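Engineer: Show me the folded form of this:
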Amino acid sequence: MSDIGSQFNYKQLLERHNSIRIPMIQRDYAQGRPSVAQVREDFLAAIEDALNKPPGDPSLPMNLDFIYGSVANEDELSQFSPLDGQQRLTTLYLLHWYLAWSDDRFDDFEDLFRDGDHSRFSYSVRQSSNEFFDALVQCQPEDRPDEVAQLSHWIANQSWYFRSWRLDPTIQSVLSMLDAIHTRFAASEELFERLVSEDHPAITFQLLDLENFELTDDLYIKMNARGKSLSPFETFKARYEQDLSKQFAGESRAIGGHEFPVNEFVARRMDTAWLDLFWSGNRRSAEIVDESFFNVFRLVALITRDPDAASCTKDVLILTRTQPTYATFHDSNWLDETFTRTLIPLLECWSSGDKGLHIVLPNKDYFDERAIFERLTRNSTSLDVSEILLFMAYAFFIREHEPALDADKFQQWMRVIYNLIINVNIERAERLPIGMNLIQRLLPHSGSILEYVQSWEVPDELPMNVKLQLKEEILKAGLLLSHDGWRPLIERAELHGYFDGQIDFALNFSGVVDQANASSIDDWDAPTHVKLQAEFESSLLKAEAMFDAEGLIASQDHLWERALLTVGDYTLESGNRNRSLLVNATTVQGSWKRLLRAFSPPERIARVKLRDLWAKLDDHRPFPDQLLEIIKAGDETMPAWRAAVVKTPQAFSYGKNLMRFENGYIYLLKKMRMSAAHAEVHSFCFFNNELRAMAAKGSLGPLTIGEYADVNGIEREPYFDLIYREGKKQMRIEVDVFEQKYRIGALTSKLASMTHVRDCLEKHGDLVTVDDYQCISIEIDKLKKTLVRLAKDLGEAGA
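Structural biologist: Numbers count the residues shown, from 1 in each chain. Reported below is the predicted structural model:
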């Protein structure tokens, strides 16, 4: 045994040993498992705190205690096999990978952790785990952390990720831990240096090398003994019932005409009607039923927190990300009066049916009671933020209006809340209190929500997206209360999977917004309503033809996009330097969803182009035919790039539908940056249109079409080539765009061996030498004519 108690950081450990390999007898990586969420978050929080402290802070370094194991030497290279410390070492490895990506230090990460095609940190437990770490050490994401919504999904979608890996517990635990790291460290800066600093280490451990030590299964089991986890729910329930006897002293509730104190009422219900509710389907075991109860308790505790309380955000994070114990519930005061006054009516409502779950709402359009119940009882953390808030609105309505629940009023309440919650950008748990506050403010009016919404005054201080959605809800409430013809149309539009309750575009395009601005809805006569409903339905028909639940309906010819670009430039910003031809993903800047909702001035300008396109379409004729007519008619005032893209369906299938306008050049991007593959618009469109048409007509003579070569980086421009053959000789003539002109040229060495080709080129411009090429330059609009003449000249010269 050597260097007892010596402190190292991870970098120093790898300087001491060539590799770290988790031995076969170890278990799978566990810190990413759902069951240890609290342990995971506490560990990451402690690491984050240490990394953010300044060098020299007296509390540093954070010491992670002893890590010990054996050392094996092979070919003078040492391999450290930890007996204890596997979990900490794995988590720290993942943190190094993540922070290197975040801080653009991936080269340093690879220097530290990569050995050829292999990772210096690996697992012997399963071969698949080892292969995964070898792949991960070489994987530097192109996107930035703030561009990746869920890191595990991003990794699982990479070409090197095997579907079979979903069966490897270590890999799945790693993905879960990476999601937790991503959530906590996505906005961090310069923490990689703190992690690897040797002068001022932030994270260290004490290393014990147990040399020449045999790792027997018996010793491992003794040192890693774990007791069986027992369900705490029976203890939880008993202590909760004791609390109820104090909280609700003197209050009672009835069962079958008999009054019982609240604590006894709850105890009886949990052993009878409520138990029967959960004792169904595949939950026919006491342990699973207890878990179902606890999941409901946890979610009710979450939705009954006071959003204005200082502790609310902390409580929300604990309840959404951990498995809290009774002690946590009790110490945090979650089992308060509001909790119980919400829980009892909810479970009474659910258990009041003859068989299984009692359904109250007339349909599942805005809230699917059965689906939410099934998911909630199996895993309360499976609900996303929007679903949690919708459940809150659902449970609170039941609490406020029990036992006589008006299904239609309930439906309208859920409809308004759905539209607001889904469309005001409450996506992270930290923002839950915003939505909770909104629901609590509306709750007193839940029985007549449309009448209340119609009278709203929208505060100016609200964010623009919230203000515009509130204004839309006010307008729709007025329409629904004024004329029966609006309900089927509005609900049809709202329930479209892509519009998701946000239909301002249809209200705007149909003239409803202008009419409402001109006169109060209360003053409209029936013919006005009917006329506007017809216009609204016309807009809706076009919207339904253009979009499905996923977004723009895909078509090989891209008729909608090309016709829209003919009408005007509808592109939106996507990132700092790019513009987008629009994609379906609702969370990115350049999306069809953003164009439809039009919160910002540029989005509103772009949406006008869509309105103008739809105005050209006749509802009674096939839309594809009309779109093709618009495309063919064109617009003589269009800039050259738009005219080129309109003629080229392939431009809308290239990469991520991104364009970059830079220094007079226009590019189509495969990804977000020029470091990835990209094409130049004019040459790409010419290649896929005019050039192919010329070849089909035989206009290229001795020339045949080669390939379009997109490029990575900025060292050279994208190009296409033409192949000229003469006997056994062959030459590639390349065409690219430089300084807003086309260049046509070939290798100087090739031109020297086939001088007649050089002579033919010189007929159409002065040859200029660029590196090892010689080329001529011509105007953008002269390329077709020049290539036809060049082909003719080459044909005559080679005859």
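
Engineer: Strands of the stretch 201-350 of the chain, start to end?
Structural biologist: Secondary structure of the stretch 201-350 of the chain (DSSP state E, counting those that start in this stretch): strands at 203-209, 252-255, 258-261.

Engineer: Tell me which strands the last one pairs with, and in which orientation.
Structural biologist: Strand 258-261 has these partner strands in its sheet, going by DSSP bridges: strand 252-255 (antiparallel).

Engineer: tell me the mean pLDDT over the partner strand?
Structural biologist: Taken as a whole, strand 252-255 has a mean pLDDT of 91.

Engineer: Using the record's domain definitions, break this protein down for me.
Structural biologist: Residue ranges for the domains of the chain, per automatic domain parsing: 2-223, 247-454, 456-541, 545-676, 681-798.

Engineer: what about the fourth one, how long is it end to end?
Structural biologist: Domain 545-676 has an end-to-end distance of 34 Å (Cα to Cα, to the nearest Å).

Engineer: Over it, what's the mean pLDDT, rounded is fine.
Structural biologist: The average of the pLDDT scores along domain 545-676 is 94.

Engineer: now the longest one
Structural biologist: Mean per-residue pLDDT for domain 2-223: 84.

Engineer: go on, stretch 756-769?
Structural biologist: 93.

Engineer: how distant is it from the center of its chain?
Structural biologist: The gap between where stretch 756-769 is centred and where its chain is centred comes out at 52 Å by Cα atoms, centre = their mean, to the nearest Å.

Engineer: How about stretch 766-783?
Structural biologist: Here stretch 766-783 is found 45 Å from its chain centre; the criterion is Cα atoms, centre = their mean.

Engineer: now do stretch 429-441
Structural biologist: For stretch 429-441, the distance to the chain centre is 22 Å (Cα atoms, centre = their mean).

Engineer: Show me which residues of that stretch are buried.
Structural biologist: For stretch 429-441, a neighbour-count test (16 or more other Cβ atoms under 10 Å) marks 429, 431-436, 438-439 as buried. All C-beta spots, glycine's among them, are computed from the backbone N, C-alpha and C.

Engineer: Ok, stretch 444-461 next?
Structural biologist: For stretch 444-461, burial by neighbour count (16+ other Cβ under 10 Å) applies to 446-447, 449-450, 453-454.

Engineer: thinking residue 585 is in contact with residue 591, fair?
Structural biologist: Yes. Using Cβ atoms under 8 Å, residue 585 is in contact with residue 591, at 5.7 Å.

Engineer: what do these two both touch?
Structural biologist: Residues touching both residue 585 and residue 591 (Cβ atoms under 8 Å, 6 or more residues apart in numbering): residue 551.

Engineer: between these two, which one's more packed in?
Structural biologist: Set residue 585 next to residue 591 and count neighbours by other Cβ atoms under 10 Å: residue 591 wins out with 21 against 15.

Engineer: so how far is residue 547 from that one?
Structural biologist: Counting by Cβ to Cβ, to the nearest Å, the separation of residue 591 from residue 547 is 12 Å.

Engineer: can I get the domains of the chain in CSV with distance to residue 239?
Structural biologist: Output for the domains of the chain, formatted as CSV (distance: least, Cβ to Cβ, whole Å):
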stretch, distance to residue 239
domain 2-223, 20
domain 247-454, 6
domain 456-541, 41
domain 545-676, 43
domain 681-798, 63
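
Engineer: What pairs with whichever strand or helix holds residue 707, parallel or antiparallel?
Structural biologist: If you go by DSSP states H and E, residue 707 is part of strand 703-709. If you go by DSSP bridges, strand 703-709 pairs up with strand 719-726 (antiparallel).

Engineer: which parts of the strand it pairs with are buried?
Structural biologist: By neighbour count on 16+ other Cβ under 10 Å, the buried set for strand 719-726 is 719-722, 724.

Engineer: and which of those is nearest to residue 520?
Structural biologist: Among the buried residues of strand 719-726, residue 720 lies closest to residue 520 (Cβ to Cβ), at 61.1 Å.

Engineer: mind listing what that closest one touches?
Structural biologist: Contacts for residue 720 (Cβ under 8 Å, 6+ apart) come out as 683, 686-687, 691, 705-709, 734-736.

Engineer: Show the end-to-end separation of stretch 255-273, please.
Structural biologist: Chord length of stretch 255-273, first to last residue, is 10 Å (Cα to Cα).

Engineer: ok now that stretch, how far from the chain's centre?
Structural biologist: Put simply, stretch 255-273 sits 45 Å off its chain's centre (Cα atoms, centre = their mean).

Engineer: swap in stretch 496-513?
Structural biologist: Remark: stretch 496-513 is offset 24 Å from the chain centroid, using Cα atoms, centre = their mean.

Engineer: Likewise for stretch 402-413?
Structural biologist: Put simply, stretch 402-413 sits 34 Å off its chain's centre (Cα atoms, centre = their mean).

Engineer: What is the longest helix seen in the chain packed up against?
Structural biologist: Scanning the chain for the helix with the most residues, using DSSP state H, yields helix 526-546. In terms of contacts (3 or more Cβ pairs under 8 Å, 6 or more residues apart in numbering; DSSP states H and E), helix 526-546 is packed against helix 486-494, helix 504-509, helix 512-518.

Engineer: Repeat the analysis, applying 6 Å as the threshold.
Structural biologist: helix 486-494, helix 504-509 (3 or more Cβ pairs under 6 Å, 6 or more residues apart in numbering; DSSP states H and E).

Engineer: Partner strands of the helix or strand just after that helix, with direction?
Structural biologist: Going down the chain from helix 526-546, the next helix or strand is strand 547-548, by DSSP H and E. Strand 547-548 has its sheet partners listed here by DSSP bridges as strand 551-552 (antiparallel).

Engineer: And for the partner strand, what's in contact with it?
Structural biologist: Outside strand 551-552, the residues that touch it by Cβ atoms under 6 Å, 6 or more residues apart in numbering are 498, 584, 592.
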